[in-house]
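*Asks:* Following is a predicted model, sequence given first.
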Amino acid sequence: MPSLFESTSNTSNTWNTPPRIAIIGSGFAGIGMAIRLKRMGLSTFTVYEAAAEPGGTWRDNTYPGAACDVPSPLYCFSFEPNPSWSRTFAPQHEILAYLKRCADKYDIAPFIRFNTRVEAARFDDSTQRWRLALVYGATGIREEVEADIVIAANGPLSRPALPDIPGIERFEGKQFHSAAWDHDHILDGRSVAVIGTGASAIQFVPQIQPRVTHLAVFQRTPPWILPRRDRTITARMQRLMGIVPLAQRLMRYVLYWQHEARALGFVLNPALMRGPTAFARSYLERRIVDPELRKQLTPEYRLGCKRVLLSSDYYPALSQPNVALITTTIREIVAAGIVTEAGRLHRVDTIIYGTGFALSDAGAPFTVIGRNGADLDEIWRREGPQAYLGTSIAGFPNFFMIIGPNTGLAHSSMIYMIESHIAYIADCLRVLARRGVRTMEVTDDAHRTYNAQVQRDLQRTVWQTGCRSWYLSKRGRNTALWPGFTFAFRRLTRRVKSSHYRFGNQN
């Protein structure tokens, strides 16, 4: 049976010419989308990757101790389980190696143009196609290419955020973000400052603490931390998983529902967080003996309102004699170090920023100009990031996102959400082919109604209960998280509702 995308004379259910598809990014989303397109019999796609190799965030985040905070069996494609994880929480290098194996196994590499950054995408109203402005690596050579469909798969954690601290450019020592770790800079014997105590910092702080002479950890708000029950997966267990695939599927199934149950407290009844809060408080009391330090590390907000972190070595690291936890607000950075509001100078020769990524108040991931000159960056900065199902945006025909606004999770694996997006976009392509049209665009009404419902649903969640977090924009709008269960999102994205789209330009 011919694929819907093969060129045939029956134009009622296929394109006369297969569409040119641009996928931007080669992390889990980009690699997964490319594999799905190949399985659909479609080969007229190109993956544009700004770096020299695939991997996305798992290529870029190489800081000491980098690892997943979701159990390994959940953190892989459902169609490509990995029986060879060495730990229950996979380290960065294994996840990167897994992604590269997927690209090799499904022969995706020939479709990837490395060292190629998409600077802008502009929809041409006259041709009904996208024009992509490309920049090649260090050469700076530019080229413009056309695409019928653009899929932004570069993800929300691709733009490291530096803090807005006066004088940051005056520091005379070494400074870098954790997402751009400088492995050539030797930390041994140095005086180091870490700004930020989020998910990255609690992983690398215990790794660098034994190496440095003095470590100053600047904390704005203490995170809730639960123990990270990381264990070695024995070679025998790995062999069992490889020989008996059903065992791995069963483990994945159990872990999925265990994590899905956690959403009850996040999205339906925040009062259910009392039990986990008591456990987290007890864990803090057991691990931190010093009452003053314990007070500094005790959050004053409901568990879950900010990201809940997993670590079994962060608290012990902060208790070491060469570590100082500093909770006074930073006033400025000077040539010799960091000055707090109290006027004290903390002399350091290295500053590491564990300050996360631009998200809630960020604009478009690159310049995106839609129908009639609509500027996505301008729209998002004015109204906040929004998309229908986190995928389609009114005014931007044939432009799709993977892990767009309001699709992040606080309780389970993002790979599940990525696969839901991939399946939905694949169905969009099928609809285009069946109708014999070239463009589809979500209607203003469907876009507006969907996003209004998402914001209403968010009001009952733990994230809207009074604390400020990176989940919220400056206006207090949560544009990051999905306010429900992952299976509910998958149900919504299983099939395209054609009535929610307008279609144009017969082939």
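*Replies:* All right, it came through fine.

*Asks:* all helices for this protein, in order.
*Replies:* Here the chain has its helices, by DSSP state H, at 28-39, 57-60, 92-105, 201-208, 235-243, 245-263, 274-287, 291-296, 314-318, 376-383, 414-435, 444-458, 486-492.

*Asks:* Would you tell me which of the ones you listed gets closest to Cys68?
*Replies:* Shortest distance between Cys68 and the helices of the chain, using CB to CB, is found for helix 92-105: 6.2 Å. All C-beta spots, glycine's among them, are computed from the backbone N, C-alpha and C.

*Asks:* list the helices and strands that closest one packs on?
*Replies:* If contacts are counted by 3 or more CB pairs under 8 Å, 6 or more residues apart in numbering; DSSP states H and E, helix 92-105 sits against helix 28-39, helix 57-60.

*Asks:* Distance-wise, check Ser282 relative to Ser312.
*Replies:* 14 Å (CB to CB, to the nearest Å).

*Asks:* Any stretches of the chain with poor pLDDT?
*Replies:* Counting by pLDDT under 70, the ranges of the chain that qualify are 1-15, 157-158, 358-363, 466, 506-507.

*Asks:* Enumerate every residue touching the closest residue in space to Lys306 that isn't next to it in sequence.
*Replies:* Leaving aside its chain neighbours, Lys306 sits nearest to Ser469 (4.3 Å; criterion: CB to CB, 6 or more residues apart in numbering). Contacts were defined as CB atoms under 8 Å, 6 or more residues apart in numbering; by that measure Ser469 touches 305-307, 463.

*Asks:* could the helices and strands packed on helix 92-105 go into CSV alongside distance to Gln203?
*Replies:* Shown next, in CSV, are the helices and strands packed on helix 92-105 (distance: least, CB to CB, whole Å):
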stretch, distance to Gln203
helix 28-39, 19
helix 57-60, 13
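
*Asks:* Could you identify which of those helices is most buried?
*Replies:* For the helices and strands packed on helix 92-105, the largest average neighbour count (mean count of other CB atoms under 10 Å) is found in helix 28-39, namely a mean of 24.

*Asks:* got a list of contacts for that helix?
*Replies:* If you take CB under 8 Å, 6+ apart as the criterion, helix 28-39 is touched by 21, 23-24, 43, 45, 47, 49, 54, 56, 77, 79, 99, 102-103, 106-108, 111-112, 151, 153-155, 402-403, 414-415, 418-419, 421-423, 425-426.

*Asks:* try 6 Å
*Replies:* Residues from elsewhere that reach helix 28-39, judged by CB atoms under 6 Å, 6 or more residues apart in numbering: 23, 45, 47, 99, 102-103, 106, 108, 111, 151, 153, 155, 402, 415, 418, 422, 426.

*Asks:* With stretch 405-419 instead?
*Replies:* For stretch 405-419, contacts defined as CB under 6 Å, 6+ apart pick out 28-29, 32, 70, 74-75, 259, 262-263, 266, 385-387, 390, 454, 479-482, 486.

*Asks:* if we go to 8 Å?
*Replies:* Stretch 405-419 is contacted by residues 28-29, 32, 70, 74-78, 156, 256, 259-260, 262-263, 266, 304, 307-308, 384-387, 390, 402-403, 421, 451, 454, 463, 471, 478-483, 486, 489-490 when judged by CB under 8 Å, 6+ apart.

*Asks:* One more: stretch 110-126?
*Replies:* Stretch 110-126 has contacts (CB under 8 Å, 6+ apart) with 22, 24, 26, 34, 43, 45-54, 103, 129-138, 142, 147, 150, 366-372, 396-399.

*Asks:* Next, the buried residues of that stretch.
*Replies:* Neighbour counts over stretch 110-126 (16 or more other CB atoms under 10 Å) mark 111-114, 116, 118, 121-123 as buried.

*Asks:* isn't Pro365 right next to Ala153, touching?
*Replies:* No - checked against CB atoms under 8 Å, the pair Pro365 and Ala153 is beyond contact range at 9.9 Å.

*Asks:* between these two, what contacts are shared?
*Replies:* Ile24.

*Asks:* Neighbour count for the two, which is higher?
*Replies:* Legend: neighbour count by other CB atoms under 10 Å for Pro365 and Ala153, higher for Ala153 (31 against 24).

*Asks:* which ones are touching the more buried one?
*Replies:* Contacts of Ala153 (CB under 8 Å, 6+ apart): 23-27, 29-30, 33, 401-403.

*Asks:* now do 10 Å
*Replies:* 22-34, 47-49, 56, 365, 400-403, 418, 421-422, 425 (CB atoms under 10 Å, 6 or more residues apart in numbering).

*Asks:* Next one: Ser499 from Tyr315, what distance?
*Replies:* 53 Å.

*Asks:* out of these two, which sits in the busier spot?
*Replies:* The residue with more neighbours, out of Ser499 and Tyr315, is Tyr315; 20 against 8, by other CB under 10 Å.

*Asks:* how far away is that one from Asp184?
*Replies:* From Tyr315 over to Asp184 the distance is 30 Å, taken as CB to CB.

*Asks:* now Gln248
*Replies:* Look at Gln248 and Asp184: by CB to CB, they are 39 Å apart.

*Asks:* and what of Asn505?
*Replies:* Using CB to CB, Asn505 is found at 52 Å from Asp184.

*Asks:* the more surrounded of these two?
*Replies:* Neighbour tally, Asn505 and Asp184, criterion other CB under 10 Å: the higher count belongs to Asn505, 12 against 6.

*Asks:* Okay, the more buried one and Asp125: tell me how far apart.
*Replies:* Note on Asn505: its distance to Asp125, by CB to CB, is 11 Å.

*Asks:* Need the residues touching each of these two.
*Replies:* Pro397.

*Asks:* Strands along the stretch 101-250 of the chain, start to end?
*Replies:* 112-113, 116-124, 129-136, 141-147, 149-152, 174-177, 191-195, 214-218, 225-226 (DSSP state E, counting those that start in this stretch).

*Asks:* wait, which of those is closest to Thr340?
*Replies:* strand 214-218 (8.4 Å).

*Asks:* Now for Leu429: which residues touch it?
*Replies:* Shown in contact with Leu429 (CB under 10 Å, 6+ apart): 4-5, 15, 19, 21, 36-37, 40, 42, 149, 151, 398, 400, 440, 496.

*Asks:* Having no further points to raise, I will conclude here.
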